[in-house]
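A.B. asks: Fold the following.
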Amino acid sequence: MSAFRTAVESGDPERIVAELADDVVFHSPVAHAPYHGKAVVGMILRAVFRVFEGFRYEAEIGSEDEHVLVFRARVDDKDVEGIDLLRTGDDGKVTELTVMVRPLSAATALAARMKVEYERGMAELAGAGD
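C.D. replies: Numbers count the residues shown, from 1 in each chain. Next up is the predicted model:
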């Protein structure tokens, strides 16, 4: 089992962030451009914990440096199916995370909720830099 999966299943967002490489790249299912860096990606993953309900991994397929984690969750009243595609470096830290979700109605609900969480998180990150 991947260390990232173990961290997610612990329910502790800080354990999840600890599994990210400093220069991690995140490809969101609801944003066109990727996000870069542990601070921003960590903020996004913390927000996911506030948006997804009943999140659980159902399967894992992988090799030493690539893993596909199949998950289910709910956003508002929508059932979500998705995958986390992880790439890791020599140290085992996640260097790239791509998330894909379906169906469209769930992706749309996720986009709406994450927009609010992202804006709040970015304001908090900007305030932390003061």
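
A.B. asks: Check the gap between the residue positioned nearest the centre of the chain and residue 103 for me.
C.D. replies: With distances taken as Cα atoms, centre = their mean, residue 45 lies nearest the centre of the chain, 4.5 Å away. As for residue 45, its distance to residue 103 is 22 Å (criterion: Cβ to Cβ, to the nearest Å). From N, CA and C alone the C-beta is placed, and that goes for glycine too.

A.B. asks: quick one: contacts of the helix ranked longest in the chain?
C.D. replies: Counting by DSSP state H, the longest helix found in the chain is helix 104-128. Under the criterion Cβ atoms under 8 Å, 6 or more residues apart in numbering, residues 28-30, 39-40, 43-44, 46-48, 50-51, 75-76, 78-81, 101 lie in contact with helix 104-128.

A.B. asks: so of those, which ones are in strands?
C.D. replies: The strands in this structure, assigned by DSSP state E, contain 75, 78-81, 101 from the contacts of helix 104-128.

A.B. asks: Could you turn the buried ones of those residues into a PyMOL selection?
C.D. replies: Isolation of the buried members of these (16 or more other Cβ atoms under 10 Å) is achieved in PyMOL through the command below:
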select buried, resi 75+78+80+101
